[in-house]
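Enquirer: How does the following fold in three dimensions:
(one chain, ligands or ions: 1)
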Amino acid sequence: MTMSTPVNPVEIARIALKRLTERGLPPTPDNYSQFYNAILTIKAPETKTATEMQLAWQVLYKLDDAVADTSELTSSLLDNLAGSTAVFEQKLGDLKQVRQAHAEKSVSAEETHASLEDMLNVVISTTHNVHSTVTTSHSDLQTIRDSIRHIEEDLAFNRKVLEQDALTGALNRQGLDHLLLREVKRAQRIDGRLTAAIIDLDDFKQINDKFTHLVGDQVLIHVTNLTKAVLRESDILVRYGGEEFLLLLVDTDIRGASYVIDRLKLVAGRTPFIHHNQRIEVRFSAGIAQLKDDENGRALLLRADEALYRAKQGGRGKTEIAE
Ligand SMILES: Nc1nc2c(ncn2[C@@H]2O[C@H](COP(=O)(O)OP(=O)(O)OP(=O)(O)O)[C@@H](O)[C@H]2O)c(=O)[nH]1
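Expert: Residues are numbered from 1 along each chain as shown. This next block holds a predicted model:
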């Protein structure tokens, strides 16, 4: 069994002392360090693989290119429009002068006509310029919009890769982080009903040892599917460690969570994994904690983890509820 990431050393020390007291053991350095280290056997969040990082970089480079293209296009469009505006303003000034000269009769009708024709030619050719710039920019903008749409798709794919457990398709710890924050906030804003249940498969090592790691993997996928079938749409399933799963039960209290866990035990009992006509029974222990008013997500998980620890200590297949 592996346990969740600790909050901080002070928190670990507090839990270690609490566990010593619960078991009536004296807080000798030996006892203390044994418990402290037990809590530290907690797995760090999975590190990203080189491929995942490469994918993330590719998207960033594409984004960089799209931003550079947009900025280049915008500034050339603005330059062009500013140049055309200057031409129009100058021609307006010229027009005033021609009108004045015409009113004062200081120029002949032919000269006025020739000046107006010149001006009109310049205005027409500048208008053509503006039109062709806007048309070109429009098609360039379409291209940029297409690249941005592809970047959005890449980002969504990347996010999936980064936040999903590759084996089971459940969320991984990275994926949990922002959802946990969101659900805790939501629960505290509404009615505080958010419950975490951590389940840890019992004697999973024996399944690996007896049937191979590959079959162990299939069993983990099987458990994920069974759990998904028991959960509601709004609940969140996370692969929390090797053979540990976190069920974040939205709008659910301890009673509801106990019901879910009992149901999962029932379903798992009735639905063994079949490998070459052999039944592989899956059992698990569970720890449940309901969010408290003044608690953050990490503290909630830590209490569920503590409860799980007690369930494991009390024998396999048990469910313990955190105070
Ligand atoms: N097949 C497979 N095995 C895994 C995976 N991740 C962890 N494990 C195995 O899970 C087993 C966990 O062993 P333990 O921590 O001793 O837990 P356990 O055998 O379930 O015993 P208890 O939890 O004490 O009931 C180890 O054999 C790990 O190799 C995985 O992705 N696939």
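
Enquirer: How about the residues of the protein by the ligand?
Expert: Counting by C-beta under 6 Å from any ligand atom, the residues of the chain lying close to the ligand are 1-2, 167, 200-205, 208, 213, 216-217, 220, 242-243, 312, 316. No exception for glycine: its C-beta is placed from N, CA and C like everyone else's.

Enquirer: cutoff 8 Å now
Expert: The interface of the chain toward the ligand, taken as C-beta under 8 Å from any ligand atom, is made up of 1-2, 167, 200-209, 213-217, 219-220, 241-243, 285, 312, 316.

Enquirer: helices or strands up against the host helix or strand of residue 114?
Expert: Under DSSP states H and E, the secondary-structure element containing residue 114 is helix 109-163. When contacts are defined as 3 or more C-beta pairs under 8 Å, 6 or more residues apart in numbering; DSSP states H and E, helix 109-163 packs onto helix 50-103, helix 173-189.

Enquirer: for this protein, what helix or strand is lowest in average pLDDT?
Expert: Lowest on mean pLDDT, DSSP states H and E among the helices and strands of the chain sits helix 29-39, with a mean of 64.

Enquirer: which intervals of the stretch 51-200 of the chain have sub-threshold pLDDT?
Expert: Low-confidence regions of the stretch 51-200 of the chain, defined here as pLDDT under 70, cover residues 52.

Enquirer: name the element the residue of it found nearest the ligand belongs to?
Expert: With distances taken as C-beta to the nearest ligand atom, the stretch 51-200 of the chain approaches the ligand most closely at residue 200, which sits 5.2 Å away. Here residue 200, judged by DSSP H and E, is contained in strand 194-201.

Enquirer: Quick one: distance of that strand to the chain centre.
Expert: 21 Å (C-alpha atoms, centre = their mean, to the nearest Å).

Enquirer: Flag every buried residue along it.
Expert: Of the residues in strand 194-201, those buried under the neighbour-count criterion (16 or more other C-beta atoms under 10 Å) are 194-201.

Enquirer: Strand partners (parallel or antiparallel) of it?
Expert: strand 244-250 (antiparallel), strand 284-290 (antiparallel) (DSSP bridges).

Enquirer: Can you list the neighbours in contact with the last one?
Expert: The set of residues external to strand 284-290 that reach it, using C-beta atoms under 8 Å, 6 or more residues apart in numbering, is 193-202, 223, 253-254, 257-258, 261, 264-265, 268, 300-301, 303-312, 316-322.

Enquirer: What about these, which are in helices?
Expert: The helices in this structure, assigned by DSSP state H, contain 223, 254, 257-258, 261, 264-265, 268, 300-301, 303-312 from the contacts of strand 284-290.

Enquirer: May I have the beta-bridge partners of the nearest residue in space to residue 321 that is not next to it in sequence?
Expert: Nearest in space to residue 321, with sequence neighbours left out and distances taken as C-beta to C-beta, 6 or more residues apart in numbering, is residue 288 at 5.0 Å. Here residue 288 sits in beta bridges with residue 197, residue 321, as judged by DSSP bridges.

Enquirer: Report how many residues lie close to residue 288.
Expert: Number of residues near residue 288 (other C-beta atoms under 10 Å) recorded here: 28.

Enquirer: Tell me how far it lies from the ligand.
Expert: Applying C-beta to the nearest ligand atom, to the nearest Å, the value for residue 288 to the ligand is 17 Å.

Enquirer: Contacts only, for the residue nearest the centre of the chain.
Expert: The geometric centre of the chain, computed from its C-alpha atoms, lies nearest to residue 175 (C-alpha atoms, centre = their mean), at 5.1 Å. Contacts were defined as C-beta under 8 Å, 6+ apart; by that measure residue 175 touches 162-164, 238.

Enquirer: Mind picking the two most distant members of those residues?
Expert: Taking every pair in the contacts of residue 175 and measuring C-beta to C-beta, the maximum separation is 13.8 Å, between 162 and 238.

Enquirer: Leaving out the residues flanking it, which one is nearest to residue 190?
Expert: Leaving aside its sequence neighbours, residue 190 sits nearest to residue 251 (C-beta to C-beta, 6+ apart; 7.9 Å).

Enquirer: Next, the contact list for the one you found, please.
Expert: The contact partners of residue 251, by C-beta under 8 Å, 6+ apart, come to 187, 190-191, 193-194, 234.

Enquirer: Give me the more crowded residue out of residue 162 and residue 238.
Expert: The residue with more neighbours, out of residue 162 and residue 238, is residue 238; 25 against 17, by other C-beta under 10 Å.

Enquirer: Contacts for the helix or strand containing the more buried one, please.
Expert: Of the helices and strands defined by DSSP H and E, residue 238 is found in strand 236-241. Contacts to strand 236-241, defined as C-beta under 8 Å, 6+ apart, come from residues 2-4, 43, 165, 167-168, 170-173, 175-176, 179, 183, 198, 200, 220, 224, 227-228, 231, 245-248, 250.
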